[in-house]
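Chemist: Following is a predicted model, sequence given first.
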Amino acid sequence: MKFGVVVFPGSNCDADCYHVVRNVVGQECEYVWHESKDLRGFDAVILPGGFSYGDYLRSGALARFSPIMQSVYEFAEKGGLVIGICNGFQILLEAGLLPGAMLPNDNLEFRCGWVNVKVENADTAFTRLYRPGEIVRMPIAHHEGNYYAEKETLDELERSGRVVFRYVDENGCPSREANPNGAARNIAGIINERGNVLGMMPHPERCSEAILGGEDGRRLFLSMVRALCS
Amino acid sequence: MLEDKDSSGKPEPLNVSREATKTFPGVKTAKTPWREMGLKDQEYELIVEKLGREPNYTELGMFAVLWSEHCAYKHSKALLKTLPTSGPRVLVGPGENAGVVDIGDGLAVAFKIESHNHPCAVEPYQGAATGIGGIVRDILAMGARPVCLLDSLRFGPLSHPRSRFLFSGVVSGISGYGNCLGIPTVGGEVFFAEPYKNNPLCNVLCAGILRHEDLHKGQASGPGNIVMIVGHSTGRDGIHGCTFASEELGEDAESRRPNVQVGDPFMEKLLIEACLEMMATGAVVGVQDMGAAGITSSCAETAARAGTGLSIEINKVPMREKGMTPYEVMLSESQERMLLIVKPEKVETVESIARKWGLNVAPIGVVTGSGLLEVFDNGEKVASVPVKLLTEGPVYDPPAEEPAYIRENAHFSPESIPVPETSWFNEILLELLASPNIASKEPVYRQYDYMVRTDTVEGPGRGAAVIRVKGTRKALVFSTDCNGRIVYLDPRAGAMWAVAEAARNVAVTGAQPLAITNCLNFGNPEKPDIFWQFKEAVEGMGEACRVLETPVTGGNVSFYNETEGEPVYPTPVIGMLGLIEDVEKRVTPGFKLKGDKIALLGRVWGDGRSLCGSEYLERIHGVVAGSPRQPDLGLEKALIKTLVEAAGERLLRSAQDLSEGGLGVALAESCILACPGARGAKVNLQGVCPAGYRLDAVLFGECNSAVVVSFSPDKEEALRDVCAKNGVPFSVIGEVDGDVFTVEAGAGTTVIKVTSADMTGAWANGISRSLI
């Protein structure tokens, strides 16, 4: 399977995603410069973390106007798998590929560290190798991860099983203390209606090798490979 | 009046009259402009003598910045020459943008630490941010991909409102700038003490990895090659920033804010990627960061290193605003700019890469064989100065005199401090764990992205930082260390301890210490007592580096860290690089398994002297006094060898060095950082606390060449043998327990009994409680 990692000016997790796809999961991978308009030949597209355009104006607000984004729309339209991680999630929200918006963390600080995340929906192309309700550990690193959407949208997301990841404590409880940024209903990741566009704040690429302190992220990439093969 | 003088028979007169009548940032009057620019009268006279004429205004500004203490090392150069700087692994020593050390397999590490203290004292957010920007560009200039950052920070006690402001500003600045670059901030230190109240220290270490063949240097070689500027446009910010950094701060410190540059991390990120791409094409002959003194220093230094000259046209420099004078363009310290020396046929390659990344780029001149830095503005020559003269400022050998406090200290008897009742030791331990100097720094480092690049094997809060090198089994280990309180009490011993501690910190992970970079933060060197501190510290550091075979590959001196005559603690921060050949053999500080044995490698001193300068003496008894002992560098070296060998043979389950808080705190930290089920210890001090030793000194004394290790009981003999072979004392002092930390002083006398939950609570909340 061939993955594309989009490189915006200011992306900084592009090399990390590339490394995991190539060297840990063993798939083909290529960088896609943001000025490109061609995603032909790719099976999946990753919008990596970082500070696209310096996060100036608002996280992801400028990146959505990059030429590649039109191709990302079309790619998603055709059913291709798209995952936005951290800044990539913010871009997907700004681009309207996922509902809602991202506010600054409620503690008003950048937060880096490990969090517990519950896999609320293990029946997606991105999570099929996790157990339903499994609690996994993943790193976060962001200043704007406070997910916001109107009540109707949140209810709809919940009802349709589109909340894929949620911040929880060690016992699986979505407590206030377990929420690192104030995100509505402790939401850490959501998927679109069709099930082929995922946005998440935690970084699965940072926990795909034991030497980095955790391997829970690797199954997300393997799930994508499995989904693409089936 | 400068250009009115008859200059017949001297280098050609330059027409700059339109400048002389203007008011310039940082320059108040025009009668003796050199004074306002920070030059002394005799320095001005020297310039006139060597130049053979009076410099014009632009030239004077160029001299002023390059002859500032910050750029010229006027007071430090002579002593720095005494430091050991070579070794089998040193590929590039001091004098370049950063030192470069061989790590085998054709790979090398470029690393350097630099200060940004003065800017942080008046504008902490931008001061810290641009401090990161500058050191990252230094590493980039060596052709290396920057891979990690460490910050060594000093503030006044958090009880002062000003200290809190500076603390939160500096931390936010590091977070705001560093995170955006995609370079993980993996470690460092934060230390709080009264003398840093108005003069915080912000030292940033950056390291990068390169292949030997990708090494670049800051040399403008090859007359005919093109001088290019890439990155941000040039504005009026930071003019005379380095002059400002070469003065004491006075009451008007706030008014110096315009001297502080403003950072744009997004631009820096683009600059990193673009420059690495340009260098990979082979187009770049020489490359230099434009930091302090901007275009002036980068041009003069690259030409001086190559023995060439440069002719530049400043009207070609991409400018941020209209109407900038040559003086302003030459002295601007606008950030995120690099100077490139490019082969003429490759100019287009460089331009197209810059365009791809959306950066300004312009050819601004050419390398010449003249030995002069010649500056033209729309065809008019506005400056012409020999580069050697610019870069070889005067060197001073100021008087040094032992300060009065050192003599008074000699009379202090630590034995006059009573040993506390045994029943107090529990409380003392918890109090020390909660001290901001010892407590968890998580409130700081959780604001830094320490995991990006997915190479951080051991991040902040767990001793030295361990960074893997992808594609190999190697790992780099970094630590920054300096206890200013001990250096203050005895600069020579204190600097030795800083080197020894940094080496030990790296060695407990199993890494071989390879080399250091240093950042020497002191007060005003024109004061004999300050210069005495500096001299003692440099000599002590040199001696320790020679014995431990860790040469100095570069660094930075920051003088004038004084406000209204109050200097900081002399703080020679050591940044140590270590190498682990097999990352899977690394050792971490936390206990791993209940039932493992605990031993002390090395020795603790049970006398009052080991309390001098300790956290215990200040925090519990309110005393900063005495003469700390000089380290036994021979033992230190043997200890390091032992740790590296023991790790290589996989004999250790954990290792934690003794520093602030001594043995008691080292043991407590091994419990706090332990794996679940191994967060306690049963310790008996009988073997290391013979009769006549003070219990408080054994438990909380500092300045020990010692390490606490834990190991599987079946490894005891092998470990004992390694220690014996190297001549390192080995004392089994207890075993890892489930959940409670107990210390017995002798048979049946329990002096500490505390749960790991209580220790963790005190340690984890120490900083946040100080902020309430």
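Modeler: Thanks, I have it.
Chemist: So in chain A, which helix runs the longest?
Modeler: helix A:218-229 (DSSP state H).
Chemist: Can you find the helix or strand in chain B with the smallest mean pLDDT?
Modeler: Least confident helix or strand, chain B: helix B:17-20 with a mean of 41, by mean pLDDT, DSSP states H and E.
Chemist: Could you export stretch B:413-422 as CSV, CA atoms only?
Modeler: Taking Å, rounded to 0.1, in the frame of the first residue of the first chain, the C-alpha atoms of stretch B:413-422 are listed here in CSV:
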residue,chain,number,x,y,z
SER,B,413,32.3,26.3,60.7
PRO,B,414,29.7,23.9,59.3
GLU,B,415,30.1,22.0,62.5
SER,B,416,28.3,24.8,64.2
ILE,B,417,25.1,23.6,62.5
PRO,B,418,23.4,21.2,64.9
VAL,B,419,22.5,17.7,63.6
PRO,B,420,18.7,17.6,63.7
GLU,B,421,16.9,15.1,65.9
THR,B,422,16.3,11.8,64.2
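Chemist: got the buried residues for that stretch?
Modeler: Applying a neighbour-count criterion of 16 or more other Cβ atoms under 10 Å in any protein chain shown, one finds B:414, B:417, B:420 buried in stretch B:413-422. (Glycine included, C-beta is placed from N, CA and C.)
Chemist: ok, now stretch B:192-204?
Modeler: Applying a neighbour-count criterion of 16+ other Cβ under 10 Å, one finds B:192-193, B:195-204 buried in stretch B:192-204.
Chemist: What of stretch B:392-410?
Modeler: Applying 16+ other Cβ under 10 Å to stretch B:392-410 flags B:393, B:396, B:398, B:400, B:403, B:406, B:409 as buried.
Chemist: Assumed A:Glu156 was part of a strand.
Modeler: No. Counting by DSSP: H, G, I helix; E, B strand; the rest coil, A:Glu156 falls outside a strand, being helix.
Chemist: Just list the residues touching it, thanks.
Modeler: By Cβ atoms under 8 Å, 6 or more residues apart in numbering or on different chains, the contact set of A:Glu156 is A:Arg162.
Chemist: Could you measure from it over to A:Glu150?
Modeler: As judged by Cβ to Cβ, to the nearest Å, A:Glu156 and A:Glu150 stand 10 Å apart.
Chemist: before we move on, the earlier item: same question for the first helix or strand past the least confident helix or strand of chain B going along the chain, mean pLDDT?
Modeler: On the C-terminal side of helix B:17-20, the nearest following helix or strand under DSSP states H and E is helix B:33-36. The average pLDDT within helix B:33-36 is 87.
Chemist: confidence score at the residue of chain A most remote from its centre?
Modeler: Relative to the centre of chain A, the most outlying C-alpha is that of A:Asn171, 23.5 Å out, by Cα atoms, centre = their mean. Looking at A:Asn171, its pLDDT reads 96.
Chemist: Would you mind naming what in chain A lies close to chain B?
Modeler: Contact residues, chain A versus chain B (Cβ under 8 Å from any Cβ of the partner chain): A:9-10, A:12-13, A:15-16, A:19-20, A:49-51, A:53-56, A:109-113, A:139, A:141, A:143, A:203, A:205-206, A:209, A:211-212.
Chemist: Which residues of the stretch 551-700 of chain B lie near chain A?
Modeler: B:583-584.
Chemist: Now the residue of the stretch 551-700 of chain B at minimum distance from chain A: closest residue in space, sequence neighbours ignored.
Modeler: Chain A sits closest to B:Val583 of the stretch 551-700 of chain B, with a gap of 6.8 Å, by Cβ to the nearest Cβ. Leaving aside its sequence neighbours, B:Val583 sits nearest to B:Ala475 (Cβ to Cβ, 6 or more residues apart in numbering or on different chains; 3.9 Å).
Chemist: any idea how far the one you found is from A:Ile211?
Modeler: Taken as Cβ to Cβ, the span from B:Ala475 to A:Ile211 is 9 Å.
Chemist: Pick out whichever of these two has more residues nearby.
Modeler: Using other Cβ atoms under 10 Å in any protein chain shown as the criterion, B:Ala475 and A:Ile211 rank with B:Ala475 on top: 27 against 16.
Chemist: wait, isn't the more buried one in contact with B:Lys585?
Modeler: No. Assessed by Cβ atoms under 8 Å, B:Ala475 is found out of contact with B:Lys585, at 9.3 Å.
Chemist: before we move on, the earlier item: what's near enough to touch the residue of the stretch 551-700 of chain B closest to chain A?
Modeler: Counting by Cβ under 8 Å, 6+ apart, B:Val583 has contacts A:211, B:457, B:466, B:468, B:473-475.
Chemist: Name the member of the buried residues of stretch B:392-410 with the shortest distance to chain A.
Modeler: For those, the residue nearest chain A by Cβ to the nearest Cβ is B:Gly393; the value is 37.4 Å.
Chemist: which SS state does that closest one fall under?
Modeler: Classification of B:Gly393 using three-state DSSP returns coil.
Chemist: which residues does the closest residue to it other than its chain neighbours contact?
Modeler: Nearest in space to B:Gly393, with sequence neighbours left out and distances taken as Cβ to Cβ, 6+ apart, is B:Ala72 at 3.2 Å. Going by Cβ under 8 Å, 6+ apart, B:Ala72 touches B:66, B:393-394.
Chemist: Give me the residues contacting stretch B:160-174.
Modeler: By Cβ under 8 Å, 6+ apart, stretch B:160-174 touches A:109, B:120-121, B:123-129, B:131-132, B:149, B:151, B:153, B:155-158, B:185, B:192, B:196-198, B:200, B:202, B:204, B:444, B:447-448, B:771.
Chemist: Any stretches of chain A with poor pLDDT?
Modeler: Judged against pLDDT under 70, chain A has no low-scoring part.
Chemist: In helices, which of the buried residues of stretch B:392-410 appear?
Modeler: Per DSSP H, the buried residues of stretch B:392-410 map to helices at B:406, B:409.
Chemist: Out of the buried residues of stretch B:392-410, show me where the pLDDT dips lowest.
Modeler: Within these, lowest confidence goes to B:Asn409 (87).
Chemist: just checking, that one touches B:Ser627?
Modeler: Yes. Taking contacts as Cβ under 8 Å, B:Asn409 lies within contact range of B:Ser627: 5.9 Å.
Chemist: residues bridging contact with those two, i.e. touching both?
Modeler: Common neighbours of B:Asn409 and B:Ser627, using Cβ under 8 Å, 6+ apart, are B:Leu489.
Chemist: helix, strand or coil for residue 79?
Modeler: As the question left the chain open, I've gone with chain A. Taken by three-state DSSP, the conformation at A:Gly79 corresponds to coil.
Chemist: Now do the same contact list for it.
Modeler: Going by Cβ under 8 Å, 6+ apart, A:Gly79 touches A:194, A:196.
Chemist: Dihedrals phi and psi, it?
Modeler: Per-residue torsions, A:Gly79: phi 100, psi 10 (degrees, to the nearest 10).
Chemist: again with the one 3 residues further on
Modeler: In this entry, A:Val82 is assigned phi and psi values of phi -130, psi 130 (degrees, to the nearest 10).
Chemist: what's it in contact with, if anything?
Modeler: Contact analysis of A:Val82 by Cβ under 8 Å, 6+ apart lists A:44-47, A:72, A:75-76, A:92, A:97, A:196-198.
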